[in-house]
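K.L.:
got a structure for you, letters missing:
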Ligand SMILES: Nc1ncnc2c1ncn2[C@@H]1O[C@H](COP(=O)(O)OP(=O)(O)O)[C@@H](O)[C@H]1O
Ligand SMILES: Nc1ncnc2c1ncn2[C@@H]1O[C@H](COP(=O)(O)OP(=O)(O)O)[C@@H](O)[C@H]1O
Ligand SMILES: Nc1ncnc2c1ncn2[C@@H]1O[C@H](COP(=O)(O)OP(=O)(O)O)[C@@H](O)[C@H]1O
């Protein structure tokens, strides 16, 4: 155990990055909130806000420990080890870059928070608030933490796991698998259990406030710099690479979505631009430190097209993934995760500090960069394992909640608006309120 | 006087933190602006914006100097010493962490700004804009600066003052006393002089745009990371502790407010979540570097419950603290300030760089952490002194303005909307405008 | 070629600053979007968003190289040198402060993006989206890149150019000439070609959502700290100076605009406050590292008054610069650029790291600080060259697009709202949508 | 049956509602309107462009009543809405051929 | 000619529109309204202040028809809008002296 | 007395207002409406879901006039609102039993 030498620069960046990622969840609340009808915007936002509340507390108690504590069976970490965030810097993984362990743990908290919140878009407008809270508790504990541990905490899908041993370490720089594939697969399981909104596919359910959607997309992008460039846990050339890839892939995805719409629908929409931004951010997340500008452009463009086409599928297959968590996060998460297998490269300082942990080499060059197909196979296996795990466990959690607490508000409450039914509020001032009693 | 060695990492963090805290005031403008009726949102926001304008200029001229210049009678600093922010790094308090004095002075500017803006929520919808501007000038000069000097600038309530000498140094890491108790006590004095809105307690005055309130809460939280973790003036383990406490206490407060509402009103509201966020942030402000996760959780939860109950009091006692500056900032500021006396601990690197200034020991362990009741008493005394000072001086200022400039717009102007009366604007486009003349 | 020593603190700041500046363009989307009518807000925002998309990609491909690559004729850099952002740190200009070249290139990307987006305000409500995209491509290539190269990349207007040789190096710390004068002159050329909105000067075209305008102004200010303090490429005393000047000048400009309005129109408006903020930010941009607090105050106040008076001119002269890109960016950009000639001073560590590049002296003290009139003349010449270049080339681009793609949507589409015509969307949910078909 | 329509100052709505309740009216329909008349509008200035807004916010109330209630109801509205200031509004009465209650399909006075 | 006005539950609008189309109606005007009647409103609480909102959202439909269509059209509206729950609304008919089509200046039944 | 009601294109409001002023009308009430008729609506697409919006924005104007003014006023409206394009709207006239001015309690033509 070596002496811990604080690096104030890296720490400054990680404090900033943590703050940026925390802002993403309210950003998501606007991205999602603008997309629902005016009578359910508050509930939509509240699902994000309460995720912050619940997961923030749990993470500090046992979440961090259960993710980054000593490995238990490749699936989780020891929940008691850092319970209550009692961590000494000298006793932490995060040393390499001179960032206090507590700061690294803070940064990680924000990832757990937003992953839970992401799922809420799938079940807009219709679920009991209490059930959602219980779901958040169960899901972060039984799904997020295991997946994060498996990938980043020394578990099965990480640099010390069997895939890494047999093939090469799957690359997930900032959470393509842990966050986006995970949330997307969970969303799919959840909507299958929860069911459709009353009027799905027959009644108009257009976004009630598109500028809010764009505000959300902007705050997400801004925060995502913390998410991706922060995942280096240092302020260096690699975080610089992550930063520019986060911009370039996102630009490409936005343009690709707009072009897809222009061809298909005849017009490029602002909702398309905002959605393309998110798709690009999702796709570049796992790859941000491992590809060059060309890789970024292709990954972004592919994600933009793929998600633009995927969001319509719910009408075809008849599942009501209301705000397209599957179409955007699962699909673009897969695009990014798989394309790493083609485009990964260590050239130009792109190797990640993170990937270098535990082994000197956390991945191979991609198929197009002379590394053969091995990395591609690793990526696909890791993604599939995560999808199956997330889908199955989420499905079970959702079923249990269905038969115990129940998921749905009444049909009448859906018609009147869930904001009123669940929160006793309406988002915007109208005519005709009369004060009668004041406590 | 030693050589100044710049620390680029700490400076990077303080530039970031300063920017974050400056953003809080527009965040507050949305938090407050969403809560008022649609006909007075602009005026509400303008009270925040103009506070930035006025205080920003005054701080650069004499404010910083009068706060952090050489002590005069324990109450203020020498206004001429750093007039116009002519400060040499070698001649400044802020050295310990290698941050240029100008950056520290910038950071402090943002505190003075938001403290003034906080008060405006108490007098929503009804005060003359000119009177508010004059109030901002007088209040920052005669109340904020003295209190800040007393606590942080080497005055009566600081580490060199009589309380520190007799008992122990009162702990106010990031402004529980200087900012929140101060603003809350001032708000109470102000509303007693200014009086109620026409229709208070009988006419509906519901928030006109709750998503704006949530946006405000989100920006406040985001900025508060700069506020609290920046108050370390360095990027290190202590700022990491401040960061995570700022998250955990806030999460706990949000949940506590929601639970309180659920029991009392039958529904957990989005306004409650946003309010709980702010209450938690307020409460943890003085304590952020001095408590562990458990302390944070208790402080946050206590603040959430206390403020949720306190916001109704204005109807009982009949003072129109329109947006609950007293109920949120005074009450939760007190909760945090007092509970430090129970939960303060130096364990786990929690001792603050700031508190270490001037004496080797800036405070004692709290009652629950083996330090006895001394710190508790110190905290209470400091808080009471601040309350009395702030209340009395603010009351006098408000009275003088009442008899000179006058505080209130006419009743008709209140009915028509203060935006129109005072700013000649309405916030949102409606039907029926006709352009007639263009200059 | 010396060894590159990474400075994590400076890099942390530049990662943060880059993120801040990227956020400015969505901020601008709200600043502009709130100012147009409800039927064209989406198009207004989309002009900003698509500028990010297009310019982000081009910058990574050839933009950075063509700006900062080896000088060709004083006008542009070598586009092949860093094509695709293949840059070695050891082979870059940005070394002085230990920031990876890739990070510096990222930072610069955000400047190119926002400069293009700024222009869009001049042609609100009426231009074809495709034509705007082509314009963005041409303009960034033929105008922005040359001007940026001339000023910052070693070209005619920089420290190695003829003005510097004959007189003194023109000072443009963060883009008064490159960004604001450039965008303002281009806007003027563009509106002369594109023409007026239907109903300009006779039909009401009031801002549809003033809180959005204030949100935009707030995000711009927040991001501008990255813009100005980031232009030091380091976290040090100079960036601290840039930070405080960015605050003080902006405060002064806000107050000056409000006072001007009070005298002229009888009321100080929130639109005035938001506009004053932007005018102040524009004016201090070139000067942020070169003036003291007094210089800042005068520059800010002058900009506030000048732009407040200038925004009315379009009605007098009959050009429809819809959102006053000329009145705010050209006018306040000129105010700041010229007043440097009076107020520039190196006192108090205000000399810029940037200005020190290439020569030991990047400028002289201003007229009021004992340096004589030389710097004033340099400033004026550089500004005039930029205006002429930008105006002429933009005019030609605009003309070519007029006769090829055409600029205007039909009159009927303007009446119905460009959002619907161009994007097939409306910003806010209304009554009466009926879903009929789902693909 | 009659339809009594009133255009009123928005801030009088609560008092009018109470007055109608006292007068035994069990239902009404309210909507937003803008009025133009003797009451002056106002001026707004945005970046030097002066806008005259000559429409002022009003509220419209519609009450279906039996023939004999028409007079008392419109008097009740006038009484409750009156402030004596310009802009108080108008109340007018129109004859209705038939009224139906959607829920039950009832017609005539029974539908009120 | 007659003017048939209906106050309805907003979520019935689509069905009513279809029913009117089937009934041969070629035009109508729709607007937002708030209703007060037997249907209860709701309570909202903001920071401990309780608000009773007793107006519920409704939609207003106006259809100009010839004298002979008035009956069938109002029946069609009642039929399509009925849910049987309190708050379904009202439909009423008023006689119209004259109708003009703005585009052409036509008057009478030709203007419908 | 008569009530002249008009459903018009929103962008004609200013011209209609001027025309009414010239015709000596001293007051009117304006509100928002949506129209359905020959004028086609439009299509919006949100993430692949196509919405047909067949209601188009209109403005409603209501003017109370004396019996003899009803004809000239409705002609004035038609004249000022006409663009000749489909969707120009309708103007209709209804007989009013009584009008009261709230401010004064005056009735009849004096209340206009
Ligand atoms: N001739 C009219 N037809 C329809 N509505 C009218 C008419 N005159 C006035 N109103 C309505 O009544 C409101 C009040 O009228 P106004 O002339 O301002 O005051 P007062 O009725 O007190 O004389 C107007 O805002 C308008 O809505
Ligand atoms: N007397 C009335 N005059 C005008 N509108 C009425 C009247 N009574 C009811 N309404 C309208 O009809 C709606 C439904 O009435 P309500 O009494 O709630 O139910 P129901 O008609 O089913 O008995 C109300 O919300 C209101 O808009
Ligand atoms: N039968 C009707 N009853 C009520 N309003 C109608 C009717 N027909 C048309 N309108 C109104 O008039 C507007 C214009 O009608 P439309 O048929 O589109 O064009 P036009 O009147 O020029 O033939 C419609 O949008 C609607 O608001």
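P.N.:
Nice, thanks for sending it over. From a predicted model like this one, the values you see are computed outputs, not experimental measurements. Ligands and ions are numbered 1, 2, ... in the order given.
K.L.:
contacts and neighbour counts: CA atoms only from here.
P.N.:
Fine.
K.L.:
where in chain D is the helix or strand with the lowest mean pLDDT?
P.N.:
In chain D, no helix or strand scores lower on mean pLDDT, DSSP states H and E than strand D:49-53, which sits at a mean of 85.
K.L.:
is chain C within reach of that one?
P.N.:
Yes: Strand D:49-53 reaches chain C (C-alpha under 8 Å from any C-alpha of the partner chain) through D:49, D:51.
K.L.:
for residue A:137, list the residues it contacts.
P.N.:
With contact taken as C-alpha atoms under 8 Å, 6 or more residues apart in numbering or on different chains, residue A:137 is in contact with A:54-55, A:58.
K.L.:
kindly apply the preceding question to residue A:25 instead.
P.N.:
Residue A:25 is in contact with A:48-49, A:52, A:113-114, A:117, A:220, counting by C-alpha under 8 Å, 6+ apart.
K.L.:
cool, residue A:141 as well?
P.N.:
Going by C-alpha under 8 Å, 6+ apart, the list of residues near residue A:141 reads residue A:63.
K.L.:
same check, this time on residue A:428
P.N.:
B:207-210.
K.L.:
how about a cut-off of 10 Å?
P.N.:
Residues in contact with residue A:428 (C-alpha atoms under 10 Å, 6 or more residues apart in numbering or on different chains) are A:38-39, A:41-42, B:34, B:37-38, B:206-212.
K.L.:
ok, now residue D:63?
P.N.:
Applying C-alpha under 10 Å, 6+ apart, the residues near residue D:63 are D:2-6, D:20, D:25-30, D:70, D:73-74, D:93, D:112.
K.L.:
list the beta-bridge partners for it.
P.N.:
As for beta bridges, residue D:63 partners with residue D:4 under DSSP bridges.
K.L.:
and it, how far from residue B:167?
P.N.:
According to C-alpha to C-alpha, to the nearest Å, residue D:63 and residue B:167 sit 73 Å apart.
K.L.:
kindly report the same for residue A:37.
P.N.:
58 Å.
K.L.:
about what we covered before: anything in the least confident helix or strand of chain D near chain B?
P.N.:
Yes: Strand D:49-53 lies within reach of chain B by C-alpha under 10 Å from any C-alpha of the partner chain, at D:49-53.
K.L.:
of all of chain A, which residue lies closest to ligand 3?
P.N.:
residue A:204 (20.5 Å; C-alpha to the nearest ligand atom).
K.L.:
ramachandran coordinates for that residue?
P.N.:
Reported as degrees, to the nearest 10, the phi and psi values for residue A:204 are phi -70, psi 130.
K.L.:
burial of the residue of the stretch 251-400 of chain A found nearest ligand 1, as a residue count?
P.N.:
Of all residues in the stretch 251-400 of chain A, residue A:270 sits closest to ligand 1, at 38.2 Å by C-alpha to the nearest ligand atom. A count of nearby residues for residue A:270, using other C-alpha atoms under 10 Å in any protein chain shown, gives 29.
K.L.:
wait, it sits on residue A:212?
P.N.:
No: when contacts are counted by C-alpha atoms under 10 Å, residue A:270 is not listed as touching residue A:212 (11.0 Å).
K.L.:
the biggest helix by length in chain D and chain F in contact?
P.N.:
The longest helix of chain D (DSSP state H) is helix D:67-81. Yes: contact of helix D:67-81 with chain F (C-alpha under 10 Å from any C-alpha) involves D:70-71, D:74-75, D:77-81.
K.L.:
so which bits of that helix are buried?
P.N.:
The neighbour-count check on helix D:67-81 (16 or more other C-alpha atoms under 10 Å in any protein chain shown) flags D:69-70, D:73-81 as buried.
K.L.:
pick out whichever of these sits closest to residue C:227.
P.N.:
Nearest to residue C:227, judged by C-alpha to C-alpha, of the buried residues of helix D:67-81 is residue D:81 at 56.6 Å.
K.L.:
which two of the residues of strand D:49-53 next to chain B have the greatest separation?
P.N.:
Longest span within those, C-alpha to C-alpha: D:49 and D:53, 12.6 Å.
K.L.:
contacts only, for the nearest residue to residue D:70 once chain neighbours are set aside.
P.N.:
Sequence neighbours aside, residue D:2 is the residue nearest to residue D:70 in space, at 6.3 Å (criterion: C-alpha to C-alpha, 6 or more residues apart in numbering or on different chains). Neighbour list for residue D:2: D:63-71, D:92-99, E:92, E:94, F:97 [criterion: C-alpha under 10 Å, 6+ apart].
K.L.:
now with 6 Å, please.
P.N.:
D:64-67, D:94-96 (C-alpha atoms under 6 Å, 6 or more residues apart in numbering or on different chains).
K.L.:
the helices in chain D, which residues?
P.N.:
D:13-22, D:67-81.
K.L.:
among these, show the one with the smallest mean pLDDT.
P.N.:
Of all these, the minimum mean pLDDT falls on helix D:13-22 (a mean of 92).
K.L.:
stretch A:228-246 near chain B at all?
P.N.:
No: Stretch A:228-246 lies out of reach of chain B by C-alpha under 6 Å from any C-alpha of the partner chain, never closer than 9.8 Å.
K.L.:
ok, residues contacting that stretch?
P.N.:
A:10, A:17, A:97, A:174, A:288-289, A:296, A:350, C:8, C:11-12, C:100, C:102-103, C:106.
K.L.:
show me how to select, in ChimeraX, the buried members of those residues.
P.N.:
If you want just the buried ones from those in ChimeraX, going by 16+ other C-alpha under 10 Å, the selection is:
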select /A:10,17,97,174,288,289,296,350 /C:8,11,12,100,102,103,106
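K.L.:
for the contacts of stretch A:228-246, work out which two are farthest apart.
P.N.:
It's A:97 and A:296 that sit farthest apart of those, by C-alpha to C-alpha, at 25.8 Å.
K.L.:
one step back: so the longest helix of chain D versus helix D:13-22, what angle?
P.N.:
Here helix D:67-81 runs at an angle of 150 degrees relative to helix D:13-22 (axes from the mean of the first three to the mean of the last three C-alpha atoms, to 10 degrees).
K.L.:
what's the local residue count around the residue lying closest to residue D:47 once chain neighbours are set aside?
P.N.:
Here the nearest residue to residue D:47 in space, its sequence neighbours aside, is residue C:311; by C-alpha to C-alpha, 6+ apart that works out to 6.3 Å. Residue C:311: 23 surrounding residues under other C-alpha under 10 Å.
K.L.:
state the pLDDT value of residue C:311.
P.N.:
95.
K.L.:
wait, doesn't it sit right on residue C:327?
P.N.:
Yes: counting by C-alpha atoms under 6 Å, residue C:327 is a contact partner of residue C:311 at 4.8 Å.
K.L.:
can you name the element that comes right after the helix or strand that contains residue A:253?
P.N.:
Element membership for residue A:253, per DSSP states H and E: helix A:237-265. Downstream of helix A:237-265, the next assigned helix or strand under DSSP H and E is helix A:270-284.
K.L.:
select only the buried ones of the contacts of residue A:25 in PyMOL?
P.N.:
To isolate the buried ones among the contacts of residue A:25 in PyMOL, judged by 16+ other C-alpha under 10 Å, type:
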select buried, chain A and resi 48+49+52+113+114+117+220
